[in-house]
Structure formats: structure tokens, C-alpha cells
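Trainee: Sequence and predicted structure below; questions after.
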Amino acid sequence: MIPAVVSGRVLRNVYKVLLTRGMIGTLIFSTDPETQTFIRPLLPRLSEAQRIAAAAR
């Protein structure tokens, strides 16, 4: 069993990581065609230049 102090620290770190990763960008990927069809109109289109710049970060 993990001591409460350690598990609390790990849990806070997990939340910190999850809540700060989307600041630069978030990738949404789905293998399900129905989900892709649903998500596609909700997301803005990126130009090729924006994709290249985002990938370079």
C-alpha cells in the first residue's frame, strides 16, 4: 500500500500534468468514423503553415 503522503503528491502531480498540457495544443484522435464525423465540424481547421508551426514547438 502506498503511504497517503506519497499518493497525495502523485495525485497532485497527475492533475498538474493533465491540466497544463493543453495550453500549447491538444491532439484529438479517433479511429471511429462516426466519432470523426461528429468531432470534425466542432474543431477549427488549421492551415498547413499553422500545422508546421505547431509541430515545431
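Mentor: Everything's here; your move. Worth saying up front: this structure is predicted, and the values here are computed from it rather than measured. Numbering: from 1, shown residues only.
Trainee: so how far is the longest helix along the chain from its chain's centroid?
Mentor: Identified as the longest helix of the chain according to DSSP state H is helix 4-20. Once both centres are worked out by C-alpha atoms, centre = their mean, to the nearest Å, helix 4-20 turns out to sit 17 Å from its chain's centre.
Trainee: Over to stretch 15-22?
Mentor: Counting by C-alpha atoms, centre = their mean, stretch 15-22 is centred 8 Å from the centre of its parent chain.
Trainee: Now do the buried residues in that stretch.
Mentor: The neighbour-count check on stretch 15-22 (16 or more other C-beta atoms under 10 Å) flags nothing as buried. (Each C-beta comes from the backbone N, C-alpha and C, glycine too.)
Trainee: Now that stretch: average pLDDT?
Mentor: Average pLDDT, stretch 15-22: 75.
Trainee: cool, stretch 41-56 as well?
Mentor: Regarding stretch 41-56, the rounded mean pLDDT is 73.
Trainee: CA atoms of that stretch as CSV?
Mentor: Below are the C-alpha coordinates for stretch 41-56, written out as CSV (Å, rounded to 0.1, in the frame of the first residue of the first chain):
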residue,chain,number,x,y,z
PRO,A,41,-17.2,20.3,-37.6
LEU,A,42,-16.6,21.3,-34.0
LEU,A,43,-12.9,22.0,-34.4
PRO,A,44,-11.4,24.8,-36.4
ARG,A,45,-9.3,24.0,-39.4
LEU,A,46,-5.6,24.7,-39.3
SER,A,47,-3.7,25.9,-42.3
GLU,A,48,-0.7,23.9,-43.4
ALA,A,49,1.6,26.7,-42.0
GLN,A,50,-0.1,26.5,-38.6
ARG,A,51,0.3,22.8,-38.5
ILE,A,52,4.0,23.1,-39.3
ALA,A,53,4.5,25.8,-36.7
ALA,A,54,2.6,23.8,-34.1
ALA,A,55,4.7,20.6,-34.8
ALA,A,56,7.9,22.6,-34.5
